[in-house]
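K.L.:
sequence and predicted structure are below.
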2 protein chains.
Amino acid sequence: MPLVLTSRCILITRGAELDQIAMVVKVYGEARAVCPQRVIHCLVEKGVPFELVHVELDSMEQKRPEFMEKQPFGQVPYVVDGEFELFESRAIARYYASKYADYGPSLLGRTVEERAKVEQWMDVEAMNYNPVAFSIVWNAFILPARGLARKEEKAAAAARKLEAILEVYEKQLAKSRYLAGDEFTLADLTHIPATRYVVENCNMAHVMEGKQHLKAWWDNITARPGWKKVMEFVETGANKHQP
Amino acid sequence: MPLVLTSRCILITRGAELDQIAMVVKVYGEARAVCPQRVIHCLVEKGVPFELVHVELDSMEQKRPEFMEKQPFGQVPYVVDGEFELFESRAIARYYASKYADYGPSLLGRTVEERAKVEQWMDVEAMNYNPVAFSIVWNAFILPARGLARKEEKAAAAARKLEAILEVYEKQLAKSRYLAGDEFTLADLTHIPATRYVVENCNMAHVMEGKQHLKAWWDNITARPGWKKVMEFVETGANKHQP
C-alpha cells in the first residue's frame, strides 16, 4: 500500500519525472550495513517509497567532507526527505513510524504507555544489546573478512554477555509475543540487522538453542515480507523501493 | 506548578495518607548515579511529585533478585507509577515528557519534525557521547575513587574522542541555542549528568575552552532550577519531591 500523503508527495502525481525523483525519500548508506538496514526495513513496513543512495564504506566515503556536512560524525545512514534531513537510524525509524502512524503496522504502539514500553526495549537494544552484538560481529566476522586476525577472546567475552541478555529476552517473550507486547514494533525491528549478522555470519545460531520463545520470535520477525525486502536490497543491489 | 492530573492522582486529594504515598511516582535508584539523575531532572522540569527509593549501588543492591524482578539487567533506575512500571532512563524521560506534554517545558518538541530532531540528538548522546563520557568517568574517577589505579591511557583516548564530538556540538550550537533547536529539550537534558562528572569530577572543564557556544550552552542548561534541584538531592540526601 503506497503512501502518497504529504503536500510534497501530491506534487509527485502532477509533476515531471525529475520532480518525482527529487521528492522520494533518499536514504544515504549501504544496504549491507546494520544501521541503514534498520531504516530501510522501517520504510518498507510503512510503505514509504525511497531511493537508496550508495555510500561506499570500504573506501570510507562516509568520512568525506561533503558527507560529513550532512552527518557530522561520518556514519551511515542519513535521510533527505524534501527539505527535512535527519540522521541516527533509530531516530529516523521513530520519525517515519510517527509520521505515518496510521499506515501499516503500529510500530510505536497506540498509547503513551504502549510507546513507553516500545521505547524501553528500544533503549535496551541501543544501550545493552547493540554494543555486545557489535563486538561479536566486529571481532568474529569483520576483522577476518578484512584479512585481519579474529579476536577470539573478545568475541567469546561478548558472546557470554549476549547469552545473559538473551536469557532476559526469553523470559520476556514467554510473557508477550513481541518484546513490547503483542504486536511487532520498532523494539523488535531494531534488533534484526545485527542479530542476523551474529546468527548467520558469525555462525552463532546456537544462541537461540534451548530458548523456545526467543527462537519462535526470531523465526517470526525475520519471516516478515518487510525484512525479506531488506535482504533483497542486499542481494540484488537494488536502489529503489516503490511499494 | 504541581501536576494533579490523572484519575489516580485525583484520588490523592481525597484519600488517606497511605493512598497518597502509594500514588506518587517512585524512582528506584541512587541520586548520585547518572541515569537516575536523568529521570529526576525530567520529573522536576515537568513538576511531577516523586519519591526516590534508595538502591545502594556500592553494596550491589541492584543485582539482588527482588530488584532484578523489576529491572532484569540489574541497572538503575526503574519507576513505579501506580500499576505502570518502566525502566531505561531515556525511555522514562520520554514517557513523562509525552504524558505531560502540555505542562512545563516542551521537552520533545511540538511537531513530528521537532521531535525527530530531539530524537536525533538523544541518539547521538546515547550512541556516541555516552560511551565516551562513561569511559572517561570510569577510568579517571570511579576506579581511583574505589582505590584502584586510574587507567590513564584509556581515559586519554576517550578524552580525544570527546574533543572530536564536542567540535561537532560547537558547530551545532552556533546554529541553534540548544542542540535540537531554540528550546531546551531532552536532547540537552540527557547530556547533563555524565558531562557534570567529566567536567567537575574528572577536572576536565578545559574541554569547553575555546568553544564559546558550547560553554554558553553548558552554563545555561546547568543553571536551570530543575538541574539545581537534582544536585540538591545529591547533596542533602532528600528522597521526596513535592513541587
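P.N.:
Structure's in. What do you need?

K.L.:
chain neighbours aside, what residue packs nearest to A:S106?
P.N.:
A:E183 (6.2 Å; C-beta to C-beta, 6 or more residues apart in numbering or on different chains). Every residue, glycine included, has its C-beta placed from N, CA and C.

K.L.:
over to A:Y129?
P.N.:
Nearest residue to A:Y129, sequence neighbours excluded (C-beta to C-beta, 6+ apart): A:I165, at 5.8 Å.

K.L.:
that neighbour falls within a helix, correct?
P.N.:
Yes: judged by DSSP: H, G, I helix; E, B strand; the rest coil, A:I165 forms part of a helix.

K.L.:
go ahead and confirm it touches A:V132.
P.N.:
Yes: look at A:I165 against A:V132 with C-beta atoms under 8 Å: they come within range, at 6.5 Å.

K.L.:
neighbour-wise, which of those two wins?
P.N.:
A:V132 (21 against 18; other C-beta atoms under 10 Å in any protein chain shown).

K.L.:
how much space between A:V80 and A:V24?
P.N.:
To A:V24, A:V80 is 10 Å away according to C-beta to C-beta, to the nearest Å.

K.L.:
kindly report the same for A:V44.
P.N.:
From A:V44 across to A:V24, the span is 14 Å (C-beta to C-beta).

K.L.:
these two: who's more crowded?
P.N.:
Neighbours per residue (other C-beta under 10 Å) separate A:V44 from A:V24, with A:V44 holding more: 22 against 19.

K.L.:
where does that one fall, phi/psi-wise?
P.N.:
Dihedral angles of A:V44 (phi, psi; degrees, to the nearest 10) stand at phi -60, psi -50.

K.L.:
if I look at it, how far off is chain B?
P.N.:
Distance from A:V44 to chain B, counting by C-beta to the nearest C-beta, to the nearest Å: 19 Å.

K.L.:
OK, contacts around that residue?
P.N.:
Contact analysis of A:V44 by C-beta atoms under 8 Å, 6 or more residues apart in numbering or on different chains lists A:226, A:229-230, A:241, A:243.

K.L.:
mind redoing it with 7 Å?
P.N.:
Counting by C-beta atoms under 7 Å, 6 or more residues apart in numbering or on different chains, A:V44 makes contact with A:226, A:229-230, A:241.

K.L.:
in strands, which of the residues you listed fall?
P.N.:
Of the contacts of A:V44, the ones assigned to strands by DSSP state E are A:H241.

K.L.:
could you measure the residue nearest to A:Y129 against B:A157, distance?
P.N.:
Using C-beta to C-beta, we find A:I165 at a distance of 26 Å from B:A157.

K.L.:
where along chain A do the strands fall?
P.N.:
Under DSSP E, chain A gives strands at A:25-29, A:50-54, A:78-81, A:84-87, A:240-241.

K.L.:
alpha carbons of the fourth one, as CSV, please.
P.N.:
The one in question is strand A:84-87. Presented in CSV, the C-alpha positions along strand A:84-87 are these (Å, rounded to 0.1, in the frame of the first residue of the first chain):
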residue,chain,number,x,y,z
PHE,A,84,13.8,17.8,6.0
GLU,A,85,17.0,15.9,6.8
LEU,A,86,17.8,13.5,9.7
PHE,A,87,20.5,11.1,10.9
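
K.L.:
and the spatially closest residue to A:E119 that is not a sequence neighbour, what pLDDT?
P.N.:
Spatial nearest neighbour of A:E119, excluding adjacent residues (C-beta to C-beta, 6+ apart): B:A91 at 3.8 Å. Predicted confidence (pLDDT) at B:A91: the value is 98.

K.L.:
now do the contacts for B:A91.
P.N.:
Here B:A91 is in contact with A:116, A:119-120, A:123 (C-beta under 7 Å, 6+ apart).

K.L.:
what's the farthest-apart pair in these?
P.N.:
Maximum pairwise distance in the contacts of B:A91, criterion C-beta to C-beta, is 10.4 Å, between A:A116 and A:D123.
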